[in-house]
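K.L.:
Sequence first, then the predicted structure, then my questions.
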Amino acid sequence: MKTSALFIAALALTASVESQANGGIDLKQIVKQSVDKGLGKEPASATATANGGSAQAGAATGRTMPASLLSSGGPDIAGIRVGLTANEARQAVQKLNPGYKFIPIIHPGSKREVGFQASVGANTSDPKGADFFSVLFNEGGTVWAIKRDQALPPSKAILKDTLVQSLKTKYDQPGGQVMYRDKITVNMAWVYDMAGKQIASFSTNFNYTPCREVPYSRYTPISDNISVYEEYAPTCSMAITINTSALRTGNQDMLDRYAVQIVAPPLQHDVGTLNAEAAAREQQKKNLENTVRDNKPQL
């Protein structure tokens, strides 16, 4: 981890349950309270709402999200946006498809609940089709990554040209810059700098991109249906990526699976929550030391 925020994040995610049980401060309760804010169990601070959005949503990380990307006119997937609270996102996803089944997403390393998955269908290989909507939120309960992955039976496949045109219509920003876009395949991506300016291209990693991959940053599967980098370039405010396939149709012009993912790196961690957790652990450590301070060695 290169930034102090991510260093603190690493500290926060490695605290053991045993140490929480022994100190005077209940770290588990602090973590629970921070997630409860995002789940709507108490008011969440510095988060964007479903109706507006705020540049303050990224303030806790030290990088401010461009307000235009969090507003009602900002990039979305079926109306769901980054910057919402976890509870707002869950309600919106439930409204999108009342048939969705919800399960929590648990980070494989920290064992912290970091999001939820809503799904219809057993998996993306289901011959009847499937629909998976994944949402990741940070330590303070603010949504920072979303993905929808849809698999279709061959009879409902979508022509490549139809999908490309729909994606351009939805995500191309008026006045944005287009560079190196592939005219043959559906290799499409949109990246945004910290001023909210968009560059459309074939991927997120090209010359002059604000979202170039960070060396040695691992691309980690958080669940079966969503993967993210552990660290993003500090110049990147948002990235939108597309994945498609034609496994069932066998015709690259007839797509039977497509996925859209949006990540907002400035919202990836809530430094305020992480600092509170780190302070609690430090106080816990001092409390434990105080309990044995008067003990003397038997020499």
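P.N.:
On my side now, so go ahead.
K.L.:
For E113, name its beta-bridge partners.
P.N.:
On the basis of DSSP bridges, E113 is bridged to I106.
K.L.:
burial of it, as a residue count?
P.N.:
17 (other Cβ atoms under 10 Å). C-beta: built from backbone N, CA, C; applies to glycine.
K.L.:
ok, it - contacts?
P.N.:
Residues in contact with E113 (Cβ atoms under 8 Å, 6 or more residues apart in numbering) are 35, 104-107.
K.L.:
and the gap between D161 and N225?
P.N.:
Computed as Cβ to Cβ, to the nearest Å, the D161 to N225 distance reads 26 Å.
K.L.:
So those two - more neighbours on which side?
P.N.:
Using other Cβ under 10 Å, the more surrounded residue of D161 and N225 is N225, with 20 against 10.
K.L.:
Wait, that one touches K147, no?
P.N.:
Yes - using Cβ atoms under 8 Å, N225 makes contact with K147 at a distance of 6.8 Å.
K.L.:
Need the overlap of contacts for the two.
P.N.:
132, 134.
K.L.:
shaky segments in this protein?
P.N.:
Residues of the chain meeting the criterion pLDDT under 70: 1-62, 272-275, 277.
K.L.:
relative to its centroid, which residue of it is most remote?
P.N.:
What lies farthest from the middle of the chain is L299; by Cα atoms, centre = their mean that is 55.9 Å.
K.L.:
For it, give me its contacts.
P.N.:
By Cβ under 8 Å, 6+ apart, no residues touch L299.
K.L.:
Please apply the same query to V263.
P.N.:
If a contact means Cβ under 8 Å, 6+ apart, then V263 has 82, 144-145, 228, 232, 238-239 as its contacts.
K.L.:
now A259
P.N.:
147-150, 242-244.
K.L.:
L163 belongs to a helix?
P.N.:
Yes - membership of L163 in a helix is supported by DSSP: H, G, I helix; E, B strand; the rest coil.
K.L.:
Who is the most centrally placed residue in the chain paired with across the strands?
P.N.:
Most central in the chain under Cα atoms, centre = their mean is A145, positioned 2.2 Å from the mean C-alpha point. With DSSP bridges as the criterion, A145 is bridged to L136, V263.
K.L.:
give the contact list for it.
P.N.:
82, 115, 134-136, 226, 228, 261-264, 268.
K.L.:
which among those end up buried?
P.N.:
Among the contacts of A145, those classed as buried by neighbour count (16 or more other Cβ atoms under 10 Å) are 82, 115, 134-136, 226, 228, 261-264, 268.
K.L.:
Distance to G175 for those residues - can I get that in JSON lines?
P.N.:
Formatted as JSON lines, these follow (distance: Cβ to Cβ, whole Å):
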{"residue": "V82", "distance to G175": "21"}
{"residue": "G115", "distance to G175": "33"}
{"residue": "S134", "distance to G175": "31"}
{"residue": "V135", "distance to G175": "29"}
{"residue": "L136", "distance to G175": "30"}
{"residue": "I226", "distance to G175": "30"}
{"residue": "V228", "distance to G175": "28"}
{"residue": "Q261", "distance to G175": "24"}
{"residue": "I262", "distance to G175": "20"}
{"residue": "V263", "distance to G175": "22"}
{"residue": "A264", "distance to G175": "21"}
{"residue": "Q268", "distance to G175": "27"}
